[in-house]
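Novice: Quick one, structure for this:
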Amino acid sequence: MRHRTLGGTGPKVSAIGLGCMSIGIKDVYSSSTRNDEDGTRLVRRALDLGVTLLDTADVYGDSEVQVGKAIAGRRDRAVLATKFGFRSPAGSREQTVDGSPDYVRAACEASLERLKVDYIDLYYLHRVDSATPIEDTVGAMSNLVREGKVRHIGLSEANADTIRRAHAVHPLAAVQSEYSLWTRDVEEEVLPVLEELDIALVAYSPLGRGFLAGRFKSVDDMAQGDWRRNNPRFQGQNFDRNKVIADRVRELAEAKNATPAQLALAWMLNRHDRIVPIPGTSSIQRLEENAAAADIELSAEELDHIESILPPGVAAGTRYEASMMSLLNR
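Specialist: Below you'll find the predicted structure:
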């Protein structure tokens, strides 16, 4: 497994990480992990493959608990990232964002307990709290670093100005945002700032939530409880238009003797040296397939060809429904 460094002062991690949401939230995707033993085997196989960056969050069901169990006795082999910020008021299913200093500490203590570890390698604010100055949130996160409970900090789905303000308080190792062949918003303003400040981008949903991997011929390929059924890109005419994108990725992959997922990941890795994708999966076979993408080389001509076929803005539909879209780029 090849490696990359998160930012100027961050940890060295595998070039491809593992998103662990489906380990904790059962049935969030059609093929989600069904039991704890499957989740443990998946994470341990990732470590065996040299996939060191494990990404979870306190709102991913019991993912933190499962990841903690999986790395027991192997803590030194994992770079453990988790996130905080979402809260659900008592008796409500709605989530709010809380970046207040008091909650920063309380959330971290709770994550450490669930993970059964002494420190978190990379601690993210999951979404920016518009009611709390980012300087206050990051100031509280920096206190956790000084106390040794957190090694490095980051933000998720923050805009360029917020990143600058946060980084001035305490160096950010990484910013996590959605990035893939069909979601390239960060290229406009965020990536240039990350390059300027020497901050890494950790890319979630690098396979377009499975769409770019060529898994879907119709919406019926997803289970009834699969949340993607309500995602704008998986609905109606958007689905049909986006399937054309997936077909093009498949054709490009076949020419490279790779799978569509591998082509999508290789595009990212060969295009940027400061980006680490964290594809999520509950399948060991898919995990192994994704990890192998780190070895695929793409020439400048091949990258230009992909760009000509799949330019920015090619996807149909927004990446979330309206309420979640309002929490992005803050």
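Novice: Residue 80: what's it in contact with?
Specialist: 54, 56, 67, 71, 115, 117, 120-122 (CB atoms under 8 Å, 6 or more residues apart in numbering). Yep, even glycine has a C-beta here, placed from its N, CA and C like the rest.
Novice: ok, now with 10 Å
Specialist: 11, 20, 52-56, 64, 67-68, 71, 111, 115, 117, 119-123, 151 (CB atoms under 10 Å, 6 or more residues apart in numbering).
Novice: you'd agree it is in a helix?
Specialist: No. Assigned with DSSP: H, G, I helix; E, B strand; the rest coil, residue 80 falls outside any helix and is strand.
Novice: From the contact counts, what lies against the helix or strand hosting residue 251?
Specialist: If you go by DSSP states H and E, residue 251 is part of helix 236-255. Identification of packing neighbours for helix 236-255 by 3 or more CB pairs under 10 Å, 6 or more residues apart in numbering; DSSP states H and E yields helix 260-271, helix 300-309.
Novice: for the first one, what is the average pLDDT?
Specialist: Translated: helix 260-271. Mean pLDDT, computed over helix 260-271, is 97.
Novice: got the buried residues for that helix?
Specialist: For helix 260-271, burial by neighbour count (16 or more other CB atoms under 10 Å) applies to 260-270.
Novice: Next secondary structure after that helix?
Specialist: Using DSSP H and E, the helix or strand that follows helix 260-271 towards the C-terminus is strand 275-277.
Novice: what helices or strands is that next one leaning on?
Specialist: Packing contacts for strand 275-277, counted by 3+ CB pairs under 10 Å, 6+ apart, involve strand 3-5, strand 53-55, strand 172-178, strand 200-204, helix 260-271.
Novice: Which of the contacts of residue 80 fall in strands?
Specialist: With strands taken from DSSP state E, the overlap with these comprises 53-55, 120-123, 151.
Novice: Redo those as TSV? Include distance to residue 190.
Specialist: As requested, the ones in strands among the contacts of residue 80 are exported to TSV (distance: CB to CB, whole Å):
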residue	distance to residue 190
53	20
54	24
55	18
120	23
121	22
122	18
123	20
151	23
